[in-house]
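Student: sharing a model prediction with you, sequence too.
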Amino acid sequence: MDAEAIRKDFPILHQQVNGHPLVYLDNGATSQRPLAVIDEVKRFYEEDNSNVHRSVHTLGQRATVLFEGARTKIARLIGAPSERGVVFTKSATEALNLVAYAWGRHHLAPGDEVLVSEMEHHSNIVSWQLACKDTGAVIRPIPVTEAGTLDLDEYRRLLSNKTKVVAVTQVSNVLGTINPIAEMAAGAHDVGAVVVCDGAQAVPHMQVDVNELDCDFYVGTGHKMCAPTGIGFLWGRERILEDMEPFHGGGDMILDVWIDHSTYNDIPYKFEAGTPPIAQAVGLGAAIDYLNAIGWDAIRRHEVEITRYALERLAAIPDITVYGPKDAANKAGLVSFNIGDIHPHDVGTIMDGKGVAIRAGHHCAKPLMRKLGVSATNRASFYIYNTPSDVDALVDALESCREMFG
């Protein structure tokens, strides 16, 4: 994989910020878009724009083919048995809320337990807090070890016949930890629990197969994998989705409607009320094509190499603390760190002055911040267009921070 060649596909990268060439290292928050995606969304609006599923005219039929084609591409991307299990949402967050609302509120009861890891994004915590508040179920935390991995021994002790849900991220958005979802799913299924896997930080970076993971629900989002914002997806086992109540009510999620009752559409349409994010789905389909053409093995190898280089360079900086696994082969393409007692927001501001874009804050993971004993961290996250020179720019900017703060 030639990252320098790939950079040419991304117009936004070819600019200066504060007098310096842009070094974009905030891919964990959102990736950039290649021309192939930008052009396809533009082409859709210029040639095919129409609503889907409802029209017999030509534009409506073409838009529907593109929209449903994107659904098929998602199914193939994650190894889903069929596209019937793929539900379009506006984000991974909405997908997690869909599960917690439409499944959780109808299957949880007082005394039931939901196991949630301490490294979860807020979207996979708060959604279950709301479901537990409405049902009387309780949340139990799966601890994080000092090494930045899940405490699997404690996880196994937590599992019981009270456990109804295990909600866990495949990849931590703070630590980069890759969790053993298949192993965790086996234990959860032994006690009759369902497994909800947050794949927002995994799908853009590595080959995913929901059959191998053996989870019951899997969520992802487009904007972290070169697609537009406003598009995500939920995959669920079809038998579970068929048994669930709808999430939203409105057009297209029904078969028939009377004043006092309705019959619902088949899956996945039962969960897609109203006009969906059509252009965004088309853009996601184009992004999947783009990443497939690069190759997932090549993407993963590149990120391991760039992360390994970043860990080596950062380790040589005095007063720096790096959080999470230190072996690049066992983590995703990101590094979270703090430097001395400099607040991450100050670090991020100084870095921006050097044209280096990183993330500074709690990363929507406040329980993990408390576990780490900090209020916030800096995070540099890498993608297909990042190069070793980007890491060098990061380190140079960090040295400027150290000099400025003495």
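Tutor: Here it is on my side, so go on. Residues are numbered from 1 along each chain as shown.
Student: residue contacts, Asp327?
Tutor: For Asp327, the contact set (CB atoms under 8 Å, 6 or more residues apart in numbering) is empty. Every residue, glycine included, has its C-beta placed from N, CA and C.
Student: and it, how far is that from Lys133?
Tutor: 39 Å (CB to CB, to the nearest Å).
Student: what of Phe233?
Tutor: For Phe233, the distance to Lys133 - CB to CB - is 27 Å.
Student: with neighbour numbers in mind, choose between the two.
Tutor: Phe233 (30 against 9; other CB atoms under 10 Å).
Student: tell me the mean pLDDT for the helix or strand where that one lies?
Tutor: Per DSSP states H and E: Phe233 is located in strand 232-236. Computed over strand 232-236, the mean pLDDT rounds to 98.
Student: buried ones in the next helix or strand after that strand?
Tutor: Beyond strand 232-236 on the C-terminal side, the first helix or strand identified by DSSP H and E is helix 238-243. The neighbour-count check on helix 238-243 (16 or more other CB atoms under 10 Å) flags 240-241 as buried.
Student: just checking, next helix/strand downstream of helix 238-243?
Tutor: Taking DSSP H and E, what comes next after helix 238-243 is strand 254-257.
Student: using CSV, list the CA coordinates for that next one.
Tutor: Output of strand 254-257 as CSV, limited to C-alpha atoms (Å, rounded to 0.1, in the frame of the first residue of the first chain):
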residue,chain,number,x,y,z
ILE,A,254,-45.5,-0.5,7.9
LEU,A,255,-47.5,-2.9,5.7
ASP,A,256,-50.8,-1.5,6.6
VAL,A,257,-52.2,1.2,9.0
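Student: could you spell out the sheet neighbours of it, each with its direction?
Tutor: strand 262-264 (antiparallel) (DSSP bridges).
Student: sorry, back to before: so what strands line up beside the strand holding Phe233?
Tutor: As defined by DSSP bridges, the strand partners of strand 232-236 come to strand 86-89 (antiparallel), strand 217-221 (antiparallel).
Student: which outside residues touch the helix or strand just after the first one?
Tutor: Meaning strand 86-89. Of the helices and strands lying after strand 86-89 in sequence (DSSP H and E), the nearest is helix 92-98. Helix 92-98 is contacted by residues 87, 89, 123-124, 127, 167, 196, 198-200, 219-221, 232-234, 247, 271 when judged by CB under 8 Å, 6+ apart.
Student: now stretch 266-273
Tutor: For stretch 266-273, contacts defined as CB under 8 Å, 6+ apart pick out 53, 71, 83-88, 98, 102, 234, 238, 241-242, 244, 246-253, 264.
Student: mind listing what's buried along it?
Tutor: 267-273.
Student: and if you look at stretch 300-311?
Tutor: Going by 16+ other CB under 10 Å, stretch 300-311 has these buried residues: 300, 302-311.
Student: from those residues, which land in helices?
Tutor: Counting by DSSP state H, the buried residues of stretch 300-311 place 300, 302-311 in helices.
Student: about what we covered before: make CSV from the buried residues of stretch 300-311 and add distance to Gly176 to it.
Tutor: CSV is the format used below for the buried residues of stretch 300-311 (distance: CB to CB, whole Å):
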residue, distance to Gly176
Arg300, 13
His302, 15
Glu303, 10
Val304, 11
Glu305, 14
Ile306, 12
Thr307, 7
Arg308, 12
Tyr309, 14
Ala310, 11
Leu311, 10
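Student: so how many other residues sit close to Arg54?
Tutor: 11.
Student: next one: Lys366
Tutor: Neighbours around Lys366, by other CB under 10 Å: 14.
Student: report the contact partners of it.
Tutor: His122.
Student: next one: it from Ala147, what distance?
Tutor: Lys366 sits 21 Å away from Ala147, going by CB to CB.
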